[in-house]
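With the input below, show me the fold.
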Amino acid sequence: MATAVSFTASSIGKKYVMAVSGIALFGFTMAHMAGNLQVFLGRERFNGYAATLHAMPAVLWAFRGVMILAVVAHIVTSVQLALRNRAARPQGYAKKQSLATTYAARTMVVSGPILFFYIVYHLLHFTFNTLHPNYEVTDLYSNVVASFRQVPISVSYIVANACFGFHVFHGAYSLFQSLGVNHPRYNGALRSLAMAIAVLVTTGFIAVPVGVLAGLTK
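Residues are numbered from 1 along each chain as shown. I've put the predicted structure just below:
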């Protein structure tokens, strides 16, 4: 136990915590995206998917508990690493050249808080039902369609998921480096893979509000 605590207190250990929690959150993200896309299969199919989830409340809340722990671990370790990096170089570069980094990496300080508030809003909107007018407990399909037919709500989701795409891109590429998969011969391919993952996730989540606005749902 002491060895584990000592390891997670180190910068390398914190990067591993970031990587593991990021993998867990990415797995949830893919499952959540696949569930959301079922809205294009119609009311019966989408409501059946939602009913299946809510038929297992113990399993559902256990899963949510694990995801909450992953989110907390991810946020805390990211803040700790950022503070350590700043403490290690209290004086900025005289001339900063962002050669090895990316636009996504440089905007993590912005996309991170945006995603945090987006997640809170999303939970209040569709999970705890406090922001959704005329919420129908047994008709999640109508809730989703009615919400995304409102342009401001759809735009907010699109912007937030665009930020999420940048976050996933940087996170996926950093994951390879944290796990030691880092070599000039492979970095280009790894960067392309991270980009493909980010585009897939972003497109999958944006497809729902865009599809509803385009009239692809009834």
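
Which residue is the nearest non-sequential neighbour of residue 149?
Nearest residue to residue 149 in three dimensions, chain neighbours excluded: residue 212, at 5.9 Å (CB to CB, 6 or more residues apart in numbering). All C-beta spots, glycine's among them, are computed from the backbone N, C-alpha and C.

residues touching that neighbour, list them.
Contact analysis of residue 212 by CB atoms under 8 Å, 6 or more residues apart in numbering lists 39, 144, 145, 148, 149, 154.

Reformat those residues as TSV; add distance to residue 77.
Below are the contacts of residue 212 laid out as TSV (distance: CB to CB, whole Å):
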residue	distance to residue 77
39	34
144	33
145	38
148	34
149	39
154	33
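
Return the member of those residues nearest to residue 82.
residue 154 (32.1 Å; CB to CB).

sorry, back to before: can you pick the most crowded of the contacts of residue 212?
When neighbours are counted by other CB atoms under 10 Å, residue 39 leads these with 23 neighbours.

Looking at the helix or strand harbouring residue 199 now, give me its mean pLDDT.
If you go by DSSP states H and E, residue 199 is part of helix 184-213. In this model, helix 184-213 has a mean pLDDT of 92.

again, but for stretch 62-80
Stretch 62-80 comes out at a mean pLDDT of 88.

Number the chain from 341, please
Shifting the count to begin at 341 puts that one at stretch 402-420.

Now it - C-alpha only, PDB.
The C-alpha trace of stretch 402-420 is given here as PDB (Å, rounded to 0.1, in the frame of the first residue of the first chain):
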ATOM      1  CA  ALA A 402     -22.400   1.300  -9.400                       C
ATOM      2  CA  PHE A 403     -21.200   2.200 -12.900                       C
ATOM      3  CA  ARG A 404     -21.900   5.800 -12.300                       C
ATOM      4  CA  GLY A 405     -19.900   5.700  -9.000                       C
ATOM      5  CA  VAL A 406     -16.900   4.300 -10.900                       C
ATOM      6  CA  MET A 407     -17.200   7.000 -13.500                       C
ATOM      7  CA  ILE A 408     -17.400   9.700 -10.800                       C
ATOM      8  CA  LEU A 409     -14.200   8.300  -9.200                       C
ATOM      9  CA  ALA A 410     -12.500   8.300 -12.700                       C
ATOM     10  CA  VAL A 411     -13.600  11.900 -13.300                       C
ATOM     11  CA  VAL A 412     -12.300  13.100  -9.900                       C
ATOM     12  CA  ALA A 413      -9.000  11.200 -10.300                       C
ATOM     13  CA  HIS A 414      -8.600  12.600 -13.800                       C
ATOM     14  CA  ILE A 415      -9.300  16.200 -12.800                       C
ATOM     15  CA  VAL A 416      -7.300  16.100  -9.600                       C
ATOM     16  CA  THR A 417      -4.200  14.600 -11.200                       C
ATOM     17  CA  SER A 418      -4.300  17.000 -14.200                       C
ATOM     18  CA  VAL A 419      -4.400  20.000 -11.800                       C
ATOM     19  CA  GLN A 420      -1.600  18.600  -9.700                       C
END
